[in-house]
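Colleague: fold the following for me, if possible:
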Amino acid sequence: CTHRIEVVRMISAPSQLQASLAWATIAIVLLQCSARSNLGFEYSDIVQNFIDKLPIHDKREAAVTQRQLTGTTQDSPVRPLIYIYDLPEEYHNFTEFGDVSDSFYGLDQLFPQLLRESPYWTNNTNEADFFFVDVWMYWPTRDPHKVVKELQKIGPWWDKRQGADHIFVITSDFGRCGYEAPILGKAIFLHHFGRLIASESMPMVHGKCDLFSIWGAECDREMVAAEAAIFKRTIDTCHKPRQDIVVPPTCYEPHPDKKFTHEFKSMYYNDELKGRNRTALLFYSGKIDLDADKPNAKTEPWSDAGYSFGARQMVYRMFHNVTGFAVLNHHTHSTYWEHLTDSIFCLAAAGWGWGGRFKVSATRGCIPVIVQDGVLVEFEEQLPLKDYAIRVPMWMVHKLPDILHVFIKTGRAAKMQKALECAWRLHWWRRPQGRAFEVVICELKRRLLGKDKITLNTETCTLECGDGKPVQLLDGPNTV
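Modeller: Residues are numbered from 1 along each chain as shown. Coordinates of the predicted model:
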């Protein structure tokens, strides 16, 4: 053991390859040596010695590896640690719009607040694993190049990894497609739009598949994707899987300091909604045809055909008269919460871009039915949504009544509703109930550890982030 330690001590200013080999050696040393070496000092001191000799670019990652190998908590007992840029006030001045953190577009206000209240916030850039860019990108729309120049003025951290460890909150309707500047290509977006094929490749993303002007195959996702793969063409994406994170919006959560026109209720915390029987098979209320009242609705029927990716329209036209289907073509504001609580399944269909119906269904105990081909919903890459939601491909929608009845008769629906008793809080931001913030932190932790996935056990209501230590979600926030 002594000889191995001496070998590690002699390594100085290694190249990237040498650093990798050295870390492998250190791993062996730490696993095989006793907690204290016979040289009279802690082996953690040896590792720190090694880190001090690394180029500054590698120090942060090396420090993380040190904690993983040794279990030490020299800088902080938690990981990941996130530095928040102190940007000029103009970049996050909400005076004009006020507090919109309870709206569809409020996460860029609420997320930094939750981060600052957590143990994951650090002011030490040397120990930071990620960097949060506290900028309001949507209202108003920001020039990405101007933002990056501001970051570069503050410090060298953007340039070290070309922004790959930098986090932006983006609430725009089209997610990454609203900020197509290559300069943000490696950054992590927390956004709501999980579309995998961008508008340049698919005219119907913006609802305009004009059959007078183009051949319908140009609006066929599978054809576009297949041809791109065959001919090795790049398809732009509004969401980069395993890089960006599709997160819930902040809507439908009571704000502690604001009065609402319509109170946001849930059976999980409103006693008057508990114990109600779910008598409807599937519920939806809201807009169906976007341009129904416009003059060109009949002469240009494709003008709004892409709204909701056709999902709301198809379900309404096929099933609004079917027994058990409460599919309405208008909003039901005053009775919305009762409808959600009285239904077994709820249609979770987007609008133009993303929507809030997956969240509003899951957080009210109604099993979400996702119908939006090629568009990921919130935390679909992170959580086992099949335990408490159903995704139905568009070509299978005509079988929807049969599908839902099979889920009920086999007992699968009952199990999914039981799972929602735990999982609903993972799609909720505000404290004390919300644990959506924990899912984001858990995913970032998984990436640091180099693990394949995080694990949710809805029976025990625990979340495991790749370190083999399940965290009880009911114990409180900031526990991952």
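Colleague: what are the ranges of the strands in the stretch 201-350 of the chain?
Modeller: 245-246, 280-285, 325-328, 343-348 (DSSP state E, counting those that start in this stretch).
Colleague: highest average neighbour count across those strands?
Modeller: Comparing the strands of the stretch 201-350 of the chain by mean neighbour count (mean count of other Cβ atoms under 10 Å), strand 343-348 ranks first with a mean of 26. All C-beta atoms are positioned from the backbone trio N, CA, C, and that covers glycine.
Colleague: which one is R176 nearest to, not counting chain neighbours?
Modeller: In space, R176 comes closest to C238 once its chain neighbours are excluded; the distance is 5.0 Å by Cβ to Cβ, 6 or more residues apart in numbering.
Colleague: now V147
Modeller: V135 (5.7 Å).
Colleague: wait, that neighbour touches R142, no?
Modeller: Yes: with contacts counted by Cβ atoms under 8 Å, V135 reaches R142, the gap being 6.2 Å.
Colleague: the two: which is more packed in?
Modeller: With neighbours defined as other Cβ atoms under 10 Å, V135 and R142 compare such that V135 has more, 22 against 17.
Colleague: ok, that one - contacts?
Modeller: 85, 87, 91-92, 108, 142, 147, 168 (Cβ atoms under 8 Å, 6 or more residues apart in numbering).
Colleague: helix, strand or coil for it?
Modeller: coil (DSSP: H, G, I helix; E, B strand; the rest coil).
Colleague: and it, how far from V169?
Modeller: Noted for V135: a distance of 9 Å to V169, by Cβ to Cβ, to the nearest Å.
Colleague: so what sits against both of these two?
Modeller: In contact with both V135 and V169: D108, using Cβ under 8 Å, 6+ apart.
Colleague: thinking again about what came up before, ramachandran angles for the residue nearest to V147?
Modeller: phi -140, psi 140 (degrees, to the nearest 10).
Colleague: can you check P368 too?
Modeller: phi -70, psi 140.
Colleague: I'd say it and G355 touch.
Modeller: No: using Cβ under 8 Å as the test, P368 is too far from G355 to be in contact (10.6 Å).
Colleague: any common contacting residues for these two?
Modeller: By Cβ under 8 Å, 6+ apart, the residues touching both P368 and G355 are A348.
Colleague: what about P368, neighbour count?
Modeller: Neighbours of P368 using other Cβ under 10 Å come to 27.
Colleague: just the pLDDT for it.
Modeller: Reported pLDDT at P368 in the predicted model: 98.
Colleague: next one: it from V224, what distance?
Modeller: With Cβ to Cβ as the criterion, P368 and V224 are 27 Å apart.
Colleague: now T95
Modeller: T95 is 43 Å from V224, where distance means Cβ to Cβ.
Colleague: do R276 as well
Modeller: R276 is 45 Å from V224, by Cβ to Cβ.
Colleague: if we can go back for a sec, restricted to strands, list the contacts of V135.
Modeller: Counted as lying in strands by DSSP state E, out of the contacts of V135, are F168.
Colleague: now, of the contacts of V135, which are buried?
Modeller: 85, 87, 91, 108, 142, 147, 168 (16 or more other Cβ atoms under 10 Å).
Colleague: quick one on the thing from earlier: who has more neighbours out of R276 and V224?
Modeller: Taking neighbours as other Cβ under 10 Å, R276 and V224 compare with V224 leading, 18 against 12.
Colleague: isn't the more buried one right up against I235?
Modeller: Yes: V224 is within contact range of I235, at 7.1 Å (criterion: Cβ under 8 Å).
Colleague: just checking, Y85 touches T125?
Modeller: No: contact criterion Cβ under 8 Å: Y85 and T125 do not qualify, at 9.9 Å.
Colleague: between the two, what contacts are shared?
Modeller: Common contacts of Y85 and T125, defined by Cβ under 8 Å, 6+ apart, comprise F131.
Colleague: list the residues that contact F309.
Modeller: 204, 349-350, 371-373, 375, 394.
Colleague: nope, Y316 is what I was after
Modeller: Here Y316 is in contact with 284, 288, 327, 329 (criterion: Cβ under 8 Å, 6+ apart).
Colleague: okay, those in TSV with distance to L383 next?
Modeller: Shown next, in TSV, are the contacts of Y316 (distance: Cβ to Cβ, whole Å):
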residue	distance to L383
Y284	23
I288	29
V327	27
N329	31
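Colleague: right, and out of those, which lies closest to D173?
Modeller: The closest of the contacts of Y316 to D173 turns out to be I288 (Cβ to Cβ; 18.8 Å).
Colleague: looks like that closest one contacts M314 (just checking).
Modeller: No: taking Cβ under 8 Å as the definition, I288 is not a contact partner of M314, at 10.0 Å.
Colleague: and these two? Which one has more around it.
Modeller: Ranked by neighbour count (other Cβ under 10 Å), I288 and M314 place I288 first, with 22 against 18.
Colleague: secondary structure class for Q433?
Modeller: coil.
Colleague: once you drop chain neighbours, what's closest to A280?
Modeller: A280's closest residue in space is S343 (Cβ to Cβ, 6+ apart), at 4.1 Å.
Colleague: oh sorry, the question was meant for K258
Modeller: D102 (6.5 Å).
Colleague: list the residues that contact the one you found.
Modeller: Counting by Cβ under 8 Å, 6+ apart, D102 has contacts 250-251, 253-255, 258, 260.
Colleague: format those residues as TSV; extra columns: pLDDT.
Modeller: Output for the contacts of D102, formatted as TSV (pLDDT from 0 to 100):
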residue	pLDDT
T250	95
C251	92
E253	90
P254	87
H255	88
K258	84
F260	67
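Colleague: of those residues, buried ones?
Modeller: 250-251, 253, 255.
Colleague: pLDDT below threshold where in the stretch 1-150 of the chain?
Modeller: 1-77, 140 (pLDDT under 70).
Colleague: in the chain, which spans are helices?
Modeller: 2-10, 16-32, 43-52, 56-70, 107-116, 144-154, 157-161, 221-230, 311-319, 336-341, 357-362, 400-409, 412-423, 436-449 (DSSP state H).
Colleague: for S118, which non-adjacent residue is closest in space?
Modeller: N478 (4.8 Å).
Colleague: now do the same contact list for that neighbour.
Modeller: Taking Cβ under 8 Å, 6+ apart as the test, what N478 contacts is 118-120, 438, 441.
Colleague: repeat that with 10 Å
Modeller: Neighbour list for N478: 78, 114, 117-120, 431, 435, 437-438, 441 [criterion: Cβ atoms under 10 Å, 6 or more residues apart in numbering].
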